[in-house]
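Asks: need a 3D model of the sequence below.
(one chain, ligands or ions: 1)
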Amino acid sequence: MASAFNTTIFPSIASLSDGSTNANLWTTAAVSAGVLLLYSQLAKRSDGFTYLPGIPLIGSWSFFTKRSDFLKLAIEANRAGKISKFSLLNHNVVVATGEKGRKAFFSGKGLNLEQGYSVLWGGIPDLKDVATEAESTDDAAKSSLFFKRLHALLRRDRLQKVIPVLFADLENCMNSWPQQGRINPFNEIYNLVVQMTTRALGVKEIADDPVILGKLAELYFKVEESTSPSSVLLPWFPSRSRNSRKEATTALYTLISDTLKKRQDEGRTEEDPAQYMFDQGDSVHEIVSFVMNATFAGIINTGITICWMMIFIHAHPEWDAKLRKELSDLLAAHSPNTSLPITTRLAHVPVDAWEDATPVLEAIIAESMRISVNGTTLRRNIAGDVDVDGLTVKRGEFMAYPLQAMHLNADVYSEPTAWKPERWMDPKQLEAHRAEGTFLAWGTGLHPCLGMRFAKLEMKLIAALYINLFEYTRVNKNGVPSQTIPVPNYNDLYRATPEGEDVYFEYKRIPGTE
Ligand code: HEM
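Replies: I've put the predicted structure just below:
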């Protein structure tokens, strides 16, 4: 039994139970793999599942404290033909990373995405904390309104219209930085994504005002940060993190709804997503729900990927050069007048060209995602029993699928930890991997990402402007240049920041671009 797990014999796995190991990711994986075979024989139970280690009654806390390391045990077990299961208080979670498990997970009709995340994730606001009963509609109706509005707002013609405004926003943000200095990309570049998401899917008054936008960003990060295992698993328990998350959710809700009500009271109309929703007859509550959901769906992965993209581009001068060539060709084709400011010229490039004529950016994005988007997707079985490779996932139980099972799998990708955009220069490769289910960073099956086109556009615009406005080098917090290429800490659930010390960009504005 998992609870009888011998901590002296299996120190590496046992350390996952108390979250105290500092071992390097790969060392942990290797050691874990070595001991797993023996462990899994001990842990196999009569229901056929191989139980992962956990603390009696409480369960596998490492799912929260060291998720990536913990789920590597399940991936290894699967390679040995076993399907893993673990518990979190009264919840059971099945992890099946083999082909049948993956298909069941992503295409199983009874497996519900919302319930998987709302019970086991926690980094998203729960609107039940703020909505009155009169405002609560059923979950299916809310989802369908959200998808409908998102789809309409991300249409190509709307994106085309918003591109110049997005560039102006980016330039304003970058102009507010000193002419030279040191930034932590996981703060400053991540914040650019907050700005763009608010502009394209939120409220104009907030996107226009750096102080209010700063407040929105602060509350967003507070919701994310005030997530603890207890606040996720015991949502009724008034822990400090639970209260802090509730407070931040309420403040975020109030900030957006007050802005919209003020607009209504003043009889103003604006050209923005909120106005589009007002015009469709949506209530203030529906608009606030949309904006909050879009913010949380849109920021985290885009923020992580763009930060890693900029790190990898800098670490690979040959790709930096290819990217600069691609951008100068784009400008030559769509805005040849070199006396115009660079932001104006970039804003002249039409959305079609950003989408269809940027193979280098596409390859860089895909490869950066393969390495950095390695979180865990979640589902809850809300229908009858689900068969996974001969074992039964019962109604009410959860499933988790760690994307690293594919993206960092040496059987699928040679040198899986190496950043090699050349893997994707032929777009057919990406199509094939997506069809096979071996590239999962945009999701697949019943729930593919609905923001993919916008996310790619955002990352392309940020990368294009940043490298045209600044020279930068990677340094540590003391300004010492980095000699190695950092690796994401996959146990960092919300930022995937680098393992070990933080990475900074020491930057200098390119003369003539001020
Ligand atoms: C680089 C950026 C992004 C990445 C890597 C990403 C990745 C993903 C992945 C892997 C899924 C599937 C999750 C699952 O199966 O459990 C997903 C779903 C989703 N994404 Fe994204 N996403 C990104 C940006 C965005 C943006 C900007 C939006 C827009 C608001 C967005 C909206 C959504 C929505 C609404 C779903 C759920 C679809 C459904 O429930 O059927 N994403 N995304």
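Asks: just give the nearest non-adjacent residue to the residue of the stretch 151-300 of the chain found nearest the ligand, would you?
Replies: Residue of the stretch 151-300 of the chain nearest the ligand, by C-beta to the nearest ligand atom: Gly298 (3.4 Å). (C-beta placed from N, C-alpha, C; glycine too.) Distances taken as C-beta to C-beta, 6 or more residues apart in numbering put Thr197 closest to Gly298, at 4.4 Å, once the chain neighbours are dropped.
Asks: and for the one you found, the neighbour number?
Replies: Residues lying near Thr197 (other C-beta atoms under 10 Å) number 26.
Asks: can you check Pro178 too?
Replies: 10.
Asks: Asp389 contacts Ala96, correct?
Replies: Yes. Taking C-beta atoms under 8 Å as the definition, Asp389 is a contact partner of Ala96 at 6.3 Å.
Asks: more neighbours: which of the two?
Replies: Between Asp389 and Ala96, counting by other C-beta under 10 Å, Ala96 is the more crowded of the two (27 against 15).
Asks: could you measure from that one over to Ala207?
Replies: 42 Å (C-beta to C-beta, to the nearest Å).
Asks: by proximity to the ligand, which residue of this structure wins?
Replies: When distances are taken as C-beta to the nearest ligand atom, the chain reaches nearest to the ligand at Gly451, 2.0 Å away.
Asks: OK, contacts around the residue nearest to that residue when sequence neighbours are not counted?
Replies: Nearest non-adjacent residue to Gly451, counting by C-beta to C-beta, 6+ apart: Gly298, 5.6 Å away. Taking C-beta atoms under 8 Å, 6 or more residues apart in numbering, we find Gly298 in contact with 193, 197, 201, 451, 454-455.
Asks: surely the residue of the stretch 151-300 of the chain closest to the ligand is within a strand?
Replies: No. Assessed with DSSP: H, G, I helix; E, B strand; the rest coil, Gly298 is helix; it does not lie in a strand.
Asks: and the one residue sitting closest to the centre of the chain, which helix or strand is it part of?
Replies: Among the residues of the chain, the one closest to the centroid is Asn301, at 2.3 Å (C-alpha atoms, centre = their mean). Assessed by DSSP states H and E, Asn301 sits inside helix 284-315.
Asks: name the residues of that helix that are buried.
Replies: Buried residues in helix 284-315, counted by 16 or more other C-beta atoms under 10 Å: 284-314.
Asks: ditto for stretch 196-213
Replies: Within stretch 196-213, the residues scored as buried using 16+ other C-beta under 10 Å are 196-208, 212-213.
Asks: how about the strands in the stretch 1-150 of the chain?
Replies: In the stretch 1-150 of the chain, the strands defined using DSSP state E, counting those that start in this stretch lie at 50-51, 84-88, 91-95, 111-112.
Asks: now those strands as a markdown table including mean pLDDT?
Replies: Output for the strands of the stretch 1-150 of the chain, formatted as a markdown table (pLDDT from 0 to 100):
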| stretch | mean pLDDT |
| --- | --- |
| strand 50-51 | 94 |
| strand 84-88 | 94 |
| strand 91-95 | 96 |
| strand 111-112 | 96 |
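Asks: quick one: closest of these to Ser226.
Replies: Ser226 sits nearest to strand 84-88 of all those, at 18.8 Å, using C-beta to C-beta.
Asks: what does that closest one rub up against?
Replies: Contacts with strand 84-88, where a contact means C-beta under 8 Å, 6+ apart, come from 2, 47, 49-54, 58-61, 63, 73-74, 77-78, 92-96, 120, 233.
Asks: could I get it in CSV with only the CA atoms?
Replies: The C-alpha trace of strand 84-88 is given here as CSV (Å, rounded to 0.1, in the frame of the first residue of the first chain):
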residue,chain,number,x,y,z
SER,A,84,-1.5,4.9,-11.9
LYS,A,85,-4.0,6.2,-9.5
PHE,A,86,-3.7,8.4,-6.4
SER,A,87,-5.9,10.1,-3.9
LEU,A,88,-6.4,13.7,-2.7
